[in-house]
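Colleague: 3D model of this:
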Amino acid sequence: MLFALVSLAISTVLLFPYIGWLNKLQIQQYLREDGPASHAQKARTPTAGGVCIILSACATVIAWWIYSRGDQKEVLIVVAWGVICGLVGLVDD
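Modeller: Coordinates of the predicted model:
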């Protein structure tokens, strides 16, 4: 539970500068012309915010794994799958 709270704190602290960086690079939500009009409010919304959340979660899990002396090799498999799923989401954005 402690590591989940640490991960939440890290992602909360990093998310605001990260969103500013995304805005600076003009990485924004793409709107299709044939989409519903209700999605127009999403225009210029920064996208790919999950990168920050996944990185903080992975860093926290790896820190826990190192702290526990790396006894559970399965942890790395779970982290790898999390990164792969995050990459799929990033490509989708």
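Colleague: From S7, how far out is the nearest residue to G86 once chain neighbours are set aside?
Modeller: Leaving aside its chain neighbours, G86 sits nearest to I54 (4.0 Å; criterion: Cβ to Cβ, 6 or more residues apart in numbering). (C-beta placed from N, C-alpha, C; glycine too.) As for I54, its distance to S7 is 10 Å (criterion: Cβ to Cβ, to the nearest Å).
Colleague: Which is the succeeding secondary structure element to the top helix by length along the chain?
Modeller: Counting residues, the longest helix found in the chain (DSSP state H) is helix 2-24. Downstream of helix 2-24, the first helix or strand assigned by DSSP states H and E is helix 50-67.
Colleague: Can you spell out which helices and strands pack onto the helix or strand following that next one?
Modeller: Sequence-wise, the next helix or strand downstream of helix 50-67 (DSSP H and E) is helix 74-92. Secondary structure elements in contact with helix 74-92, counted by 3 or more Cβ pairs under 8 Å, 6 or more residues apart in numbering; DSSP states H and E, are helix 50-67.
Colleague: The helix it packs on relative to helix 74-92, how many degrees between them?
Modeller: 170 degrees (axes from the mean of the first three to the mean of the last three Cα atoms, to 10 degrees).
Colleague: Show me which residues of helix 50-67 are buried.
Modeller: By neighbour count with 16 or more other Cβ atoms under 10 Å, helix 50-67 contains the buried residues G50, V51, C52, I53, I54, L55, S56, A57, C58, T60, V61, W65.
Colleague: Looking at those, which is nearest M1?
Modeller: Using Cβ to Cβ, T60 comes nearest to M1 of the buried residues of helix 50-67, at 11.8 Å.
Colleague: Show the pLDDT at the closest one.
Modeller: In this model, T60 is scored at 89, pLDDT.
Colleague: for S38, same thing?
Modeller: 68.
Colleague: Same question for L5.
Modeller: The model's pLDDT for L5 equals 90.
Colleague: How about K42?
Modeller: At K42, the model reports a pLDDT of 64.
Colleague: State the distance from L76 to L25.
Modeller: As defined by Cβ to Cβ, L76 lies at a distance of 31 Å from L25.
Colleague: Looking at these two, which one has more neighbours?
Modeller: L76 (13 against 10; other Cβ atoms under 10 Å).
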